[in-house]
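Undergrad: here's a sequence, model it:
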Amino acid sequence: MSMPRRITLAELLIGVGVLAIGILLLSHALHHQHHEARRVKCRNNLKQLVIGMVTYTGECGDNRFHTWPAGRPGCGTPGNPQFGGAEWLASLYWGRSPVIGDPGVYVCPSSTDDNESGRLLGSIGCPGAEPLPPQAVSYAGMGDRSVGIYLASKLGKGARYAASKLVVREDFLPNAPIACDDTQEPINHGSRDNGGMNVLFFDSHVEWWTHERVDLERGVGAGELVHLRN
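TA: Okay, the predicted model is just below:
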């Protein structure tokens with residue numbers, strides 16, 4: 001009767017190495033899967049927001065995009081009210097019957113922002129009529145002044161359009177960006193040299209833009225997202 005062959009040290013090390021590589025590959029695959037799931041959820045949030053915008057403009061704006069939500073006081077310092085993109089998005093949450101009543105829609109799942117279950121969003125306007133807290137909304141959008149900036153820079157409408165409160169009519173192109181991931185640090189998806197952001201357009205589709213197309217740390221005032229504001 002022959003004795004069972006003993007595993008050599010070299011074979012044991014090879015086996016351990018193969019197992020370690022397998023664990024690393026599995027871990028990488030799970031991490032990628034979780035990251036992709038967050039990206040999909042982020043994209044779905046933006047699509048929910050654009051549905052809310054359509055509802056809002058239909059009910060309150062005569063089917064036009066108002067950069068200053070009707071009947072809402074401006075946010076900002078006394079004497080200098082304004083609506084940034086984050087405030088415009090948050091206005092979908094305000095009122096007794098919010099257009100979008102789920103506070104989680106306003107926060108990217110990959111962001112460190114936390115709107116505290118809607119408390120930071122406010123209920124009838126910006127809390128204390130001040131700018132929204134930075135962690136209230138982790139998306140940027142079209143807001144006060146930014147419409148004028150867009151019209152002046154993209155459509156050659158002249159400097160007088162840099163003043164805000166304009167109503168978007170036929171001047172806006174279907175492929176113009178209307179909202180995107182947070183344009184304030186930290187970056188929602190990845191890093192400056194290894195990441196990207198979801199960008200929502202007026203025709204309701206969402207594109208993934210990498211760091212090669214837009215500066216993820218300075219999206220506001222940079223390139224094609226010049227008019228999107230937090």
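Undergrad: what's the burial count for residue 35?
TA: In terms of burial, residue 35 registers 13 neighbours under the definition other Cβ atoms under 10 Å. For every residue, glycine as well, the C-beta is placed using N, CA and C.
Undergrad: show me where this protein has helices.
TA: Using DSSP state H, the helices found in the chain span residues 9-60, 85-90, 146-154.
Undergrad: other residues contacting the second one?
TA: If I follow you right, that is helix 85-90. Residues from elsewhere that reach helix 85-90 (Cβ atoms under 8 Å, 6 or more residues apart in numbering): 49, 67, 69, 75, 106, 121-122, 126, 131-132, 136-137, 139-144, 146, 179, 228-230.
Undergrad: how far off centre is it?
TA: Centroid separation for helix 85-90 versus its chain: 11 Å, with Cα atoms, centre = their mean, to the nearest Å.
Undergrad: restricting to C-alpha, output that helix in PDB.
TA: Extracted in PDB, the C-alpha atoms of helix 85-90 (Å, rounded to 0.1, in the frame of the first residue of the first chain):
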ATOM      1  CA  GLY A  85     -29.200  75.300  -9.700                       C
ATOM      2  CA  ALA A  86     -29.400  73.400  -6.400                       C
ATOM      3  CA  GLU A  87     -32.100  75.800  -5.200                       C
ATOM      4  CA  TRP A  88     -34.100  75.200  -8.400                       C
ATOM      5  CA  LEU A  89     -33.900  71.500  -8.000                       C
ATOM      6  CA  ALA A  90     -34.800  71.700  -4.400                       C
END
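Undergrad: quick check: buried residues in it?
TA: Burial within helix 85-90, assessed by neighbour count using 16 or more other Cβ atoms under 10 Å, is assigned to 85-90.
Undergrad: let me have those residues in CSV, extended by distance to residue 56 and pLDDT.
TA: What follows is those, written out as CSV (distance: Cβ to Cβ, whole Å; pLDDT from 0 to 100):
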residue, distance to residue 56, pLDDT
85, 14, 85
86, 15, 88
87, 13, 87
88, 9, 85
89, 10, 90
90, 12, 91
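Undergrad: between these, which is closest to residue 38?
TA: Distances from the buried residues of helix 85-90 to residue 38 were compared by Cβ to Cβ; the smallest belongs to residue 89, at 19.0 Å.
Undergrad: run a quick neighbour tally on the closest residue to that closest one other than its chain neighbours.
TA: In space, residue 89 comes closest to residue 141 once its chain neighbours are excluded; the distance is 4.8 Å by Cβ to Cβ, 6 or more residues apart in numbering. Here the number of neighbours of residue 141 (other Cβ under 10 Å) works out to 29.
Undergrad: thank you, goodbye.
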